[in-house]
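Q: Next comes the sequence, and after it the predicted model I'd like to discuss.
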Amino acid sequence: MVQDAPGSREERNGEGGVNCLLTAVAVDVGVVVAVVPLSRLRRWTVLHRPDDTAAHMSRDTASTRQGLHTDTTPGICSMGISVKDVNQHDFTKALAAFLKKSGKLKVPEWADIVKLGRFNELAPYDEDWYYTRAASVARHLYIRCPAGVGAFTKIYGSKQRNGTTPSHNCRGSRSVARKILQSLEGLKMVEKDPNTGGRRLTPQGRRDLDRIASQIGSRAATSKKPVAV
């Protein structure tokens, strides 16, 4: 609120001839004395009450002291750690292990004999490559979505050797990319975007990825703590 000072008086400004009023503004931290034109004094409005401001500041201070993250963004977990905050290799391995342990990811029968592109000569040596590729696809959809089959063929493409002639870029297998997206849809982690036709993560899939990232971040923070001697 704006209150008149006990000894307030009108003063004449020698240069501009503007009537000013010596006022005292009461705020939380004390009393601020200011010279305010009379024409502008009537336009002042009280935007908030001091009691509400003090209560709001006390709540923010308590949250800061407790280390809580009050952001309600869907992509942020309760600890404030998302997929972008952890190492991508560690996250892909952890998510692949989670998909394999769940036993709900449908793996095609030809997964052990298929090539991932025309640029390959043999099938992957890793028996769990399907889970690793599915985890990588899910992470890409978390960071940049929507994305379709054509985008993933470009992402997982490589160079094709042509003998003595120069090598050229070659896209990955469209069948592998399509089957992996369909498998993730079976887990309710991925859905089709009605606007673009590509795929995007569902809220459930985003929560699962954030939970795994939170576990990785907590383990990394625990390992960095000094050991007491």
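A: In hand now; what should we look at? These numbers come from a predicted model, not from an experiment.

Q: what pLDDT, on average, does the lengthiest helix in the chain get?
A: Ranked by residue count, the top helix of the chain under DSSP state H comes out as helix 203-223. What helix 203-223 shows for mean pLDDT is 91.

Q: Output the contacting helices and strands for that helix.
A: Counting contacts by 3 or more CB pairs under 8 Å, 6 or more residues apart in numbering; DSSP states H and E, helix 203-223 packs against helix 88-102, helix 129-143. To be clear about C-beta, it is placed using only N, CA and C from the backbone, and glycine gets the same treatment.

Q: and the angle for that helix with helix 88-102?
A: 120 degrees (axes from the mean of the first three to the mean of the last three CA atoms, to 10 degrees).

Q: in helix 203-223, what counts as buried?
A: Within helix 203-223, the residues scored as buried using 16 or more other CB atoms under 10 Å are 205-206, 208-210, 212-217.

Q: same question, stretch 96-113
A: Neighbour-count burial for stretch 96-113 flags 96, 98-100, 105, 107, 111 (criterion: 16+ other CB under 10 Å).

Q: out of the residues you listed, who's nearest N162?
A: Ranked by distance to N162 (CB to CB), the buried residues of stretch 96-113 are led by A111 at 28.1 Å.

Q: any idea how far P108 lies from S173?
A: Applying CB to CB, to the nearest Å, the value for P108 to S173 is 12 Å.

Q: what sits in contact with each of those two?
A: V114 (CB atoms under 8 Å, 6 or more residues apart in numbering).

Q: how many neighbours does the nearest residue to K84 once chain neighbours are set aside have?
A: Distances taken as CB to CB, 6 or more residues apart in numbering put I143 closest to K84, at 6.8 Å, once the chain neighbours are dropped. Neighbourhood size, I143 [other CB atoms under 10 Å]: 12.

Q: Would you confirm that I143 contacts Q88?
A: No - taking contacts as CB atoms under 8 Å, I143 lies outside contact range of Q88: 9.4 Å.

Q: Let me see the confidence value for the closest residue to I113 other than its chain neighbours.
A: Once flanking residues are discounted, I113 sits nearest to A123: 5.5 Å by CB to CB, 6+ apart. pLDDT for A123: 89.

Q: how near is A123 to Q215?
A: According to CB to CB, A123 and Q215 sit 32 Å apart.

Q: Helices of this protein, start to end?
A: 38-41, 50-66, 88-102, 129-143, 149-155, 174-186, 203-223.

Q: hmm, back to that, contact partners for the residue nearest to I113?
A: 112-115 are the contacts of A123 under CB under 8 Å, 6+ apart.

Q: same question, T202
A: Neighbouring residues of T202 by CB under 8 Å, 6+ apart: 188-191.

Q: so where's the protein shaky on pLDDT?
A: Residue ranges of the chain with pLDDT under 70: 1-79, 225-229.
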